[in-house]
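Student: One predicted model, sequence on top.
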Amino acid sequence: MKLTCWGAARTVTGSKHLLTTDKGRNVLLDCGMFQGEGKDTLILNDTWGFDPKKIDYVILSHAHIDHTGLLPKLVKDGFEGKIYATSATIDLCGIMLLDSARIQQSDLKYINRRKAKKNQPLAEPIYDEEDAKKTLANMVEMPLNGTMTIDDEVTVSTTENGHILGSVALFLRLTKADQSVITLTFTGDIGRKADAILNGPLPFPQSDYIICESTYGDRLHEPQDEVEPHLLRIVQETCVEKQGKIIIPAFSVDRTQEIIYALDRLAHAGKLPKIDVYVDSPLSVKATRVMSKHREYFNKDILEYITRDGDPFSFPYLHYVESPEESKKINTSKLPCIIISASGMAEAGRIKHHLKNNIENPNNTVLLVGYASPRSLAGHIKAGDPEVTIFGDIFKVNAHVETMENFSAHGDYNEMLDYLSCQNAGAVKKLFLVHGEYDTQMAWADKLKFAGFTNIAIPIKGEEFILN
């Protein structure tokens, strides 16, 4: 058996891990798009490192684009196998992959206008909507918290990991040529016990090998009970005192719904000022509907809240925006408001237009609520860059910038250590750290060694490992 890491290797995005079995089958764990890697992003997304035609099937941990976003390109480039995922992940991919294709087309209009003026070759989308539709037709449902035999070499069991709706850790039983069995768990992205909406992560069976995420392996989140007061303070200072706007780049799945739910609780408590809140992302609107459909993932607290107060994603002055015309009207309005828009790293979609129109106004606030790759637009804003480039033009960052990482769907290092405590660390043959910046992974490795994990690898892209 062989493992090769082709993405999320010393970087956070592009999750892609290739298993080659003793009989030569090629199993891809996730097929994510690279995001926020600056000028390297297009090149990274255009090169595989393997032949898509030779991939036998794909198994998904969850629906985020950095874990699924290159599936349509895989199909476009010759992959014909099945894609295994939970029911909720399939539902989310049904909207997210089509949305990704549309965003590529929309954003390329602005990019290609500039290229045309400079007589440069025009850029092409990575894939189109037809490629996304072909991909969705190949998806097969895996049981949630259950087991499925894929073939005579691979059996997969799923356990909820609390990251987003539908997300799971993948526990693989791999039968070798001599009929012995080795076990490997891919944690996917590890969620949080204190998630406001979802059930917390469940323990997974003892494993010989573990592929583990590292996003927040060097930091802790603020206490959960400080989230609403912190958010309310930002609203009061920006929208009431300065009569400005709050611009929130947020991933459409889970992150956006957590923010809406927090605002909903403040509204029902009579604390939220009467200002308009816009969810300006067609994908976020659709994702909220999907979340409402899959309440089997909801924790008891939000289910009790629904019983008392009704819909947790609806309150006075909340507006779901779908059409481009409605979106443009928000920017022409001078009234204070909150704008929640995708994407979370501000690399694509309507959020770039909102930042373009609002980032130079000192009365406004840009509120960052999750991880942002250092080279992404949100990453540059978070780093305190005095100027940023949006659609090829330079803008001064005069708006106030705040960060609330407690809305993150990723566990911090204590939460991840708690998640891994279900394992006998000494029995794990090797633990592979992926999905993290290298400095963070080094810090995370030190904490894991202290917890008893003795054999830790931090793969580089394309690095191969023998599993025996």
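Tutor: Right, received. Where do you want to start? Numbering: from 1, shown residues only.

Student: from here on, contacts and neighbour counts on C-alpha atoms
Tutor: Will do.

Student: The stretch 301-450 of the chain: helices as residue ranges?
Tutor: Ranges of helices in the stretch 301-450 of the chain, per DSSP state H, counting those that start in this stretch, are 324-332, 351-358, 377-382, 413-420, 438-450.

Student: starting at the chain centroid, how far to the second one?
Tutor: So that's helix 351-358. Helix 351-358 has its C-alpha centroid displaced from the chain centroid by 21 Å (C-alpha atoms, centre = their mean, to the nearest Å).

Student: Check the shortest one too.
Tutor: The chain centroid and the centroid of helix 377-382 are separated by 17 Å, computed with C-alpha atoms, centre = their mean.

Student: related to what we said a few turns ago, among the helices of the stretch 301-450 of the chain, which is nearest residue 197?
Tutor: The closest of the helices of the stretch 301-450 of the chain to residue 197 is helix 413-420. By C-alpha to C-alpha, the value is 16.6 Å.

Student: okay, the angle between that closest one and helix 438-450?
Tutor: Angle between the axes of helix 413-420 and helix 438-450 is 50 degrees (criterion: axes from the mean of the first three to the mean of the last three C-alpha atoms, to 10 degrees).

Student: what residues does helix 413-420 touch?
Tutor: 190, 192-193, 201-203, 216-220, 444, 448, 451 (C-alpha atoms under 8 Å, 6 or more residues apart in numbering).

Student: Output it as PDB - backbone C-alpha positions only.
Tutor: Provided in PDB are the C-alpha atoms of helix 413-420 (Å, rounded to 0.1, in the frame of the first residue of the first chain):
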ATOM      1  CA  TYR A 413      -5.000  22.600  19.200                       C
ATOM      2  CA  ASN A 414      -6.700  21.600  22.500                       C
ATOM      3  CA  GLU A 415      -9.900  20.600  20.700                       C
ATOM      4  CA  MET A 416      -7.900  18.500  18.200                       C
ATOM      5  CA  LEU A 417      -5.900  16.900  21.000                       C
ATOM      6  CA  ASP A 418      -9.100  16.000  22.700                       C
ATOM      7  CA  TYR A 419     -10.400  14.500  19.400                       C
ATOM      8  CA  LEU A 420      -7.300  12.400  19.000                       C
END
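
Student: Okay, buried residues for that helix please.
Tutor: 413, 414, 415, 416, 417, 419, 420 (16 or more other C-alpha atoms under 10 Å).

Student: hang on, the earlier thing: let's have the contacts of helix 413-420 in TSV, adding distance to residue 233, secondary structure and pLDDT.
Tutor: TSV is the format used below for the contacts of helix 413-420 (distance: C-alpha to C-alpha, whole Å; DSSP: H, G, I helix; E, B strand; the rest coil; pLDDT from 0 to 100):
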residue	distance to residue 233	secondary structure	pLDDT
190	29	coil	98
192	24	coil	94
193	25	coil	90
201	31	coil	97
202	34	coil	97
203	37	coil	98
216	25	coil	95
217	28	coil	97
218	27	coil	96
219	23	coil	93
220	21	coil	92
444	32	helix	98
448	36	helix	98
451	38	coil	98
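
Student: which of those residues count as buried?
Tutor: 190, 192, 193, 201, 202, 203, 216, 217, 218, 444, 448.

Student: Near residue 10, how many other residues are there?
Tutor: 20 (other C-alpha atoms under 10 Å).

Student: and what of the one 10 residues further on?
Tutor: Burial of residue 20 is recorded as 18 neighbouring residues (other C-alpha under 10 Å).

Student: That one: what's it in contact with?
Tutor: 1, 2, 3, 26, 27 are the contacts of residue 20 under C-alpha under 8 Å, 6+ apart.

Student: For the stretch 101-250 of the chain, just list every one of the helices.
Tutor: According to DSSP H, counting those that start in this stretch, the helices that the stretch 101-250 of the chain contains are 129-137, 227-235.

Student: now, which of the buried residues of helix 413-420 sits nearest residue 258?
Tutor: residue 415 (18.5 Å).

Student: distance of the closest one from residue 333?
Tutor: Relative to residue 333, residue 415 is positioned 42 Å away (C-alpha to C-alpha, to the nearest Å).

Student: Using neighbour counts, pick out the buried residues of stretch 40-51.
Tutor: Those would be 41, 42, 44, 45, 48, for stretch 40-51 by 16+ other C-alpha under 10 Å.

Student: Kindly report the same for stretch 293-310.
Tutor: Residues of stretch 293-310 classed as buried by neighbour count (16+ other C-alpha under 10 Å): 297, 298, 299, 302, 303.

Student: ditto for stretch 453-468
Tutor: 453, 454, 455, 456, 457, 458, 459, 460, 461, 462, 465, 467.

Student: Mind checking which of these are in strands?
Tutor: 456, 457, 465 (DSSP state E).

Student: thinking again about what came up before, reformat the helices of the stretch 101-250 of the chain as TSV; add mean neighbour count.
Tutor: Listed next are the helices of the stretch 101-250 of the chain as TSV, based on neighbours: other C-alpha atoms under 10 Å:
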stretch	mean neighbour count
helix 129-137	18
helix 227-235	15
